[in-house]
Every structure is written in structure tokens, then in C-alpha cells.
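[1] Predicted model and sequence below, questions to follow.
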Amino acid sequence: MASFTIRVPATSANIGPGFDVVGLSLSLYLSLKVTITPPSSGSPRAPPTLSYTGEGADEVPLDPYKNLTTRVALYVLRCNNIPQFPANVSIHVDNEIPFGRGLGSSGAAVIAGVILGSKLGNLDLPQSRMLDFALMVERHPDNVTAALVGGFVGSYLRELDAAATEAASVPLSEVLPEYPPDAGEEWGLDPPPPPLGIGHFVRFGWSQTIRAVAIIPRFELSTAKAREVLPTMYSRKDLVFNLQRLAVLTTALAQEPPDPELIYEAMKDRIHQPYRKTLIPGLPEVTSRITPETHPGLLGICLSGAGPTILALAIGGFEKIAEDARLIFREKGIEVDWKLLQVVGGSTVSIP
Ligand SMILES: Nc1ncnc2c1ncn2[C@@H]1O[C@H](COP(=O)(O)OP(=O)(O)O)[C@@H](O)[C@H]1O
Ligand SMILES: N[C@@H](CCOP(=O)(O)O)C(=O)O
């Protein structure tokens, strides 16, 4: 019997001005314990069995052809000429990352699936190739890159030539077909492998004194819905506003001691948060009423990913920040939970 455990961290994307560009890996984990037993002769081949505890356990599909993680694993296998899951695989998932809150649950599920596919197919994919597969599913790089490599990272998608653009434009329904073919039927054509080197990243420095307070409203907001409200065109003024802040932020969060005056302003955004406030009652109030002056220890505050979680970066005063955010959300009729998190390393595979 072989077994291994895959562990993928939560992430917070954007950090204010870095929409679709920067992400932080945080100390909440999606863990998969995978066991493969040798097939006994004559036993029918069965797809992997899935069990699940923790966040999302009441809503996540346990059918491996519907579950996001196993569908991604199968995509990786099929792109590598392995048409099916190996036999006798059982997977127990334990998940600490809440669904649809802006803490990168889907990015973590995708990264877990890519690593799972690589392990089940003995493919030994290098990190850069894993990122290519992940980017074919989650097409913005901020969460998946941070979840894979860990830390505070910035990433971009390479401009692809015409052939690679075509290969990368395969619709998601073909990358991740939802149902297996009926018995005796063949899968459709294998999806084309992702182009090479789609995503590129750099890890920024990070002051070890900084913690992340995640203030998590008790409602889900799908990332897809929170992207639909965004405009497709922006003014030069708003773009420059964000670029100026992002340039400062990437270095300011590594300085010792971190400077709240610089960081609070550098975590402001005009590209996504103003448009998402319609979906997240209380967002403008929380980000404007909790400041380094009113809350000593606070460095900056922003929407985490597509929301609705609020991310406060701080070196102290964590409880007051979170409890005051709770009161502001309560004025809008929204209850929250909060967690004090740290920035952690990326995904790991361990063998007991
Ligand atoms: N561990 C998981 N296993 C399977 N599916 C998952 C898992 N985590 C997240 N998902 C899927 O991703 C959805 C949430 O994705 P999304 O809207 O992008 O929000 P988030 O900000 O949490 O990433 C869930 O509703 C679920 O369908
Ligand atoms: N840049 C994306 C990040 C989405 O992150 P998630 O954790 O909400 O999935 C966006 O802002 O749409």
C-alpha cells in the first residue's frame, strides 16, 4: 500500500491594488490523504473513492468526476496520455478553507488536483509545469501561484503566440468535462496539453512581524459573480492610482519595522473594491473606519480576493481590529468569524 499527503494553503489575492497580480499564502490548509492499494486480481476497476471533512463537507461533490480536485487530477492525467485514474485510490480530504469567501478555496482545490494528477501518474511535474496546468483551470494567476509556491508573490501571464493562445483558449468545459463516458464509450479527444511557461512569478520579501487578520462574513460570494460586476475599461487616473500603490506595497511589506502610514495608503484600490461594495455591505465602512490612527498595530486593510472576507495586515491590536469590524458588519446585519493567520510556505507532499 502506498500513501501520501498533499497540503495546500489558503491564499489572499490582490492585497488592495494588486488585482489579479499578487497573492499571499495563509495558514489554513486543504489536506488530501491519498491511499493506493494494490488491485486484487479479478476485481472490477473502480474510480477513486472520496471522503471529506471540514469546510464545505456538506456541499462538496464526492463523485470523482464532479469534484473539482479530482477533475483537475484527471485533466492532468489525460494530457499525459493516461486516460483514467489508477485503480484502488482512496482520498480523504480535510479542509480548513471556507468556500466562496475570498480565501482561495478553489485555487487550493485546483493546486491539490494538479499535484494529485502528477503523483497518481508518476509524472514528477516540475513546479512551473504544475502552474501551467493550474492556469488552464483558474485563469488568474494570483491565488494558484501563491498556493503552489508560498509567501507573498507577484505573477504575470506570458503573452502567448497564436498557436499557444489557441491551446490556452480551450473552454473550461473541455478542460474539465463533468461526466465520464458511459460504459463502453470512449472519452472525447484528449484536451491539448497547456502551452509551456504560461505563468511567471517572483516572491517578495515579507516582514516576519506581520500577521493577517481574516474577518470572514458568514455568507458566500462566488468569485465568478464578484468578477461580473467589474468594468472592462478603466481611466488612466485609476490605473495609475493602483500602479503607484502596488509598486510601493511590494517593498513596504518587507521593511523592518513596517511603516503603517505608507502601507495603509498603499493598500487602497480603485480597480475592484469600489465595484464590489454592492455585493459586500459594510466593505467601504470597514476599510475607512479601521485605520492605523484608530487601531494601533494596523498596517493596512483590504478585501481578500474577491471577498467577502476582509484582510487586515497588522503587527498588533488584532482582537480590537476584528471585533470593531464585527460591529461595523453587524450594523449591516452581517455576522462574521475571524481568524489570526500567518504567511506560510507553499504546497507540500509528504510520505508517512
Ligand atoms: N476543497 C474543495 N474541493 C472541491 N471543490 C472545491 C473545494 N474548494 C472549493 N471548491 C469549489 O470552489 C467553489 C468556490 O470557489 P470561488 O467562488 O472561486 O471562491 P473562493 O474565493 O473560495 O476560491 C466552491 O463553491 C466549490 O465549488
Ligand atoms: N484576483 C481575483 C482573486 C479571486 O480570489 P478568490 O480567493 O476570491 O477566489 C479576483 O479578485 O477576482
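    Cool, got the structure. Ligands and ions are numbered 1, 2, ... in the order given.

[2] Near ligand 1, which residues of the stretch 51-200 of the chain are found?
    56, 60, 67-69, 95, 99-107, 109 (Cβ under 6 Å from any ligand atom). Every residue, glycine included, has its C-beta placed from N, CA and C.

[3] Am I right that residue 329 is in a helix?
    Yes: using DSSP: H, G, I helix; E, B strand; the rest coil, the secondary structure at residue 329 is a helix.

[4] what ranges do the helices span in the stretch 251-352 of the chain?
    260-266, 273-276, 283-289, 318-331 (DSSP state H, counting those that start in this stretch).

[5] Name the residues that touch the last one?
    In other words, helix 318-331. The set of residues external to helix 318-331 that reach it, using Cβ atoms under 8 Å, 6 or more residues apart in numbering, is 211, 213, 215, 217, 281-282, 285-286, 289-290, 294-295, 297-298, 301, 310, 312, 314, 335-336, 338, 340.

[6] Remind me which helix or strand the residue lying closest to residue 143 once chain neighbours are set aside belongs to.
    Leaving out its chain neighbours, the residue that sits closest to residue 143 by Cβ to Cβ, 6 or more residues apart in numbering is residue 107, at 3.2 Å. Taking DSSP states H and E as the definition, residue 107 sits inside helix 105-120.

[7] returning to what we had before: please check the contacts of helix 318-331 and keep the buried ones.
    Taking 16 or more other Cβ atoms under 10 Å as the criterion, what is buried in those is 211, 213, 215, 217, 281-282, 286, 290, 295, 297-298, 301, 310, 312, 314, 336, 338.

[8] Out of the residues you listed, which sit inside strands?
    Under the assignment DSSP state E, the buried ones among the contacts of helix 318-331 contribute 211, 213, 215, 217, 298, 301, 310, 312, 314, 336, 338 to strands.

[9] The first one against residue 344, yeah?
    Yep, that's residue 211 we're talking about. No: in this structure residue 211 lies outside contact range of residue 344 using Cβ atoms under 8 Å: 11.6 Å.

[10] contacting residues for the residue nearest to residue 143?
    11, 13, 134, 138, 143, 144, 146, 147.

[11] and what of residue 15?
    By Cβ under 8 Å, 6+ apart, the neighbours of residue 15 are 22, 23, 24, 152, 249, 267, 302, 311, 313.

[12] Please report the distance of residue 231 from residue 122.
    As defined by Cβ to Cβ, to the nearest Å, residue 231 lies at a distance of 46 Å from residue 122.

[13] My error: substitute residue 197 in the last question.
    23 Å.

[14] what do you get for residue 245?
    45 Å.

[15] Report how many residues lie close to whichever residue of the stretch 151-300 of the chain sits closest to ligand 2.
    Per Cβ to the nearest ligand atom, residue 223 is where the stretch 151-300 of the chain lies closest to ligand 2, at 3.9 Å. Using other Cβ atoms under 10 Å, residue 223 has 20 other residues around it.

[16] Same question for residue 232.
    Residue 232 has 4 nearby residues by other Cβ under 10 Å.

[17] Repeat that for residue 268.
    Residue 268: 18 neighbours (other Cβ under 10 Å).

[18] Excluding chain neighbours, what is closest to the residue of the stretch 201-350 of the chain found nearest ligand 1?
    Of all residues in the stretch 201-350 of the chain, residue 223 sits closest to ligand 1, at 3.3 Å by Cβ to the nearest ligand atom. Excluding its sequence neighbours, the residue lying closest to residue 223 (Cβ to Cβ, 6+ apart) is residue 306, at 4.3 Å.
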